[in-house]
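Asks: Predicted structure and sequence below. I'll ask about it afterward.
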2 protein chains.
Amino acid sequence: MSFLEKIQNQVDSKGSFLCVGLDPDLARLPDGISKDAKGVLEFLSGIVEATGEFAAVYKPNWAFFAALGIDGHRVLLELIEKTRAEAPVILDAKVGDIGNTAKAYAKFAFEQMDADAVTLAPYMGGDSIAPFLEYKDRFSFVLGITSNPTASQVEKIQTSGGGAVFEELASTFEQEFAQPNWGWVAGATQIGEMKALRDRSPNRWLLIPGVGAQGGSLEESLEASRDSQGRIRGLVNASRSILYASNGGDYAEAAGRAAKEMAEQMRSINE
Amino acid sequence: MSFLEKIQNQVDSKGSFLCVGLDPDLARLPDGISKDAKGVLEFLSGIVEATGEFAAVYKPNWAFFAALGIDGHRVLLELIEKTRAEAPVILDAKVGDIGNTAKAYAKFAFEQMDADAVTLAPYMGGDSIAPFLEYKDRFSFVLGITSNPTASQVEKIQTSGGGAVFEELASTFEQEFAQPNWGWVAGATQIGEMKALRDRSPNRWLLIPGVGAQGGSLEESLEASRDSQGRIRGLVNASRSILYASNGGDYAEAAGRAAKEMAEQMRSINE
């Protein structure tokens, strides 16, 4: 089953567009959890179990596991395997390289880690994307317009052709990659830009960070994600607001409640 | 000792600006070397030993080790430790994320892997760079203008302000980051663009891929790398032409000869 089919199944069965970001920060692990790789696995397993009913997809970020060294990679592998029983997994890696190197990253993400999807950085252009699209049942979310302040320094530069860099890139990739197995990362703090991206790329799924701690609006994001047939085509990420909903022994229950609340909001927007 | 001091020592003592890229491709490992992580360590240890006299710096690319899974990460760690006895090590990772995530990648590169330097991708802007610069004795090479064909799709887009995206980015980062501990990746196949980057960023060290297999000129690259005082400030990478100089039992000797030849060319250009 392809990633898109899996996502559709998740949306249909759970009524949720929620992506739970698995970004383990040792300093913020709840009381009673050991501040190491073993603790991270225990903590995130508890999060996944408690939120499984409400999450359409999960997104572990490679950086936080890599920062734990060899043990972190072992934990990431085990976590992805466990999590895929609940929902598909996007490995947030933002990799961007070319040729054989890009192929090696694809092998890492899709074969070694067995993730359903990955995030990619497009600074070097389509050469960084093509090798990932060859895995036809897997999916790639390409950084389009991100939610951080310095997105202005490359992404939003105005081009001589009119429009910003991310808009020109959207047109280029739409033309270059007719394949169905890729979409965009588009930050919730950039609703105007998200709409501009939609104009150039009307039907691709969006992965949307920036709701919650960063201040983006859930409703505006989901509305802006609608495709040319009016269907919501956005997966809204929440990390800290779910992971650290409580730092006590009830962290899993609190995460479950936070995820449930977001999923219910999403369901009502979709109705 | 900072990365820049280490590099200066290397250049002074070896007369070489050679960066040996450690990109292990299982399919190309020499006869008699096992096609697995263990073989990769044996192969690259032989390469480092044979080329140590001629290399100013080494550059393992994370992708190729990650593609080997947990064992690959263990090999990378051991390889970096061994290699740093010969010359500083740039971990080619092209990471680009923000906030705590960027901090986690910096921790991975500089603490877990203990690399002297790292490569970074700037699509998300300066937010992806700042956390790395806090490691004052370490160094970051930011992707500026790369050697691949689709560099045109983002890097070379003409902006409304005049100049290309990579030029505008160079001015932005020069203004934003006065710190000495970063430079640019600039591809040898793009000599005109490398000069344009130099105009905006006259004194930073360049990491230069694209000589050899990709067709860039060693001499033109080193000349274009000269800083405002006329000093060569470029590290020219060679990977395949050294690693796979022979696929027989003499692969290390052949790599040593290939590295020696490049170092001698460099010395004569620098005289």
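Replies: Perfect, thanks for sending it. Residues are numbered from 1 along each chain as shown, chains lettered A, B, ... in the order given.
Asks: could you pull out the strands for the stretch 151-271 of chain A?
Replies: In the stretch 151-271 of chain A, the strands defined using DSSP state E, counting those that start in this stretch lie at A:182-186, A:206-208, A:234-238.
Asks: Could you export the ones you listed to a markdown table, including columns for mean pLDDT and distance to B:Ala102?
Replies: The way it works is simple: take the backbone N, C-alpha and C, and place the C-beta from them, glycine included. Converted to a markdown table, the strands of the stretch 151-271 of chain A look like this (pLDDT from 0 to 100; distance: least, Cβ to Cβ, whole Å):
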| stretch | mean pLDDT | distance to B:Ala102 |
| --- | --- | --- |
| strand A:182-186 | 98 | 16 |
| strand A:206-208 | 98 | 19 |
| strand A:234-238 | 98 | 17 |
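Asks: Looking at these, which is nearest to chain B?
Replies: Closest approach to chain B among the strands of the stretch 151-271 of chain A (Cβ to the nearest Cβ): strand A:182-186, 9.9 Å.
Asks: For the closest one, output the C-alpha coordinates as CSV.
Replies: Only the C-alpha atoms of strand A:182-186 are listed here, as CSV (Å, rounded to 0.1, in the frame of the first residue of the first chain):
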residue,chain,number,x,y,z
TRP,A,182,5.7,13.9,-3.2
GLY,A,183,4.3,17.0,-1.5
TRP,A,184,5.4,20.2,0.3
VAL,A,185,6.3,21.3,3.8
ALA,A,186,4.4,24.6,4.4
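Asks: That one and chain B, are they touching?
Replies: No: Strand A:182-186 stays clear of chain B (Cβ under 8 Å from any Cβ of the partner chain), getting no nearer than 9.9 Å.
Asks: what pairs with that strand, and is each one parallel or antiparallel?
Replies: Paired strands of strand A:182-186, with direction, are strand A:139-145 (parallel), strand A:206-208 (parallel) (DSSP bridges).
Asks: Give me the below-cutoff pLDDT ranges for the stretch 51-200 of chain A.
Replies: Nowhere does the stretch 51-200 of chain A drop to pLDDT under 70.
Asks: That one: helices as residue ranges?
Replies: Taking DSSP state H, counting those that start in this stretch as the criterion, the stretch 51-200 of chain A contains helices spanning A:62-66, A:69-83, A:99-106, A:130-133, A:165-176, A:191-200.
Asks: quick one: contacts of the first one?
Replies: The one in question is helix A:62-66. Contacts with helix A:62-66, where a contact means Cβ atoms under 8 Å, 6 or more residues apart in numbering or on different chains, come from A:23-25, A:40, A:72-73, A:75-76, A:91-93, B:95, B:97, B:101-102, B:104-105, B:108, B:112.
Asks: Within range of chain B, give me the residues from the stretch 151-271 of chain A.
Replies: Going by Cβ under 8 Å from any Cβ, the residues of the stretch 151-271 of chain A near chain B are A:151-155, A:157-161, A:165, A:168-169, A:172-173.
Asks: what do you get if the cut-off is 10 Å, keeping everything else the same?
Replies: Within the stretch 151-271 of chain A, the positions near chain B by Cβ under 10 Å from any Cβ of the partner chain are A:151-166, A:168-169, A:172-173, A:176, A:185, A:187, A:209, A:213-214, A:239-240.
Asks: From these, list just the buried residues.
Replies: Buried subset of those (neighbour count, 16 or more other Cβ atoms under 10 Å in any protein chain shown): A:151, A:153-157, A:159, A:163-166, A:168-169, A:172-173, A:185, A:187, A:209, A:239.
Asks: just to revisit the earlier point, which among the strands of the stretch 151-271 of chain A is found nearest to A:Leu68?
Replies: Among those, strand A:234-238 comes nearest to A:Leu68, with 21.4 Å by Cβ to Cβ.
Asks: Would you mind finding the longest helix in chain A?
Replies: helix A:251-270 (DSSP state H).
Asks: what's the spacing between that helix and its chain's center?
Replies: 17 Å (Cα atoms, centre = their mean, to the nearest Å).
Asks: Tell me what angle it forms with strand A:234-238.
Replies: 150 degrees (axes from the mean of the first three to the mean of the last three Cα atoms, to 10 degrees).
Asks: average pLDDT across helix A:251-270?
Replies: In this model, helix A:251-270 carries a mean pLDDT of 97.
Asks: for it, packing partners?
Replies: Contacts defined by 3 or more Cβ pairs under 10 Å, 6 or more residues apart in numbering or on different chains; DSSP states H and E place helix A:251-270 against helix A:3-14, strand A:18-22, helix A:37-51, helix A:218-224, strand A:234-238, helix A:240-243.
Asks: for the first one, packing partners?
Replies: Packing partners of helix A:3-14 (3+ Cβ pairs under 10 Å, 6+ apart): strand A:18-22, strand A:57-60, strand A:117-120, strand A:139-145, strand A:182-186, strand A:234-238, helix A:251-270.
Asks: how about it as CSV, C-alpha atoms only?
Replies: Extracted as CSV, the C-alpha positions of helix A:3-14 are listed here (Å, rounded to 0.1, in the frame of the first residue of the first chain):
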residue,chain,number,x,y,z
PHE,A,3,1.9,6.2,1.6
LEU,A,4,-1.0,8.2,0.1
GLU,A,5,-3.4,5.2,0.4
LYS,A,6,-2.2,4.7,4.0
ILE,A,7,-2.8,8.3,4.8
GLN,A,8,-6.3,8.2,3.2
ASN,A,9,-7.1,5.2,5.4
GLN,A,10,-6.0,7.0,8.5
VAL,A,11,-8.0,10.1,7.7
ASP,A,12,-11.1,8.0,6.9
SER,A,13,-10.9,5.9,10.0
LYS,A,14,-9.7,8.5,12.5
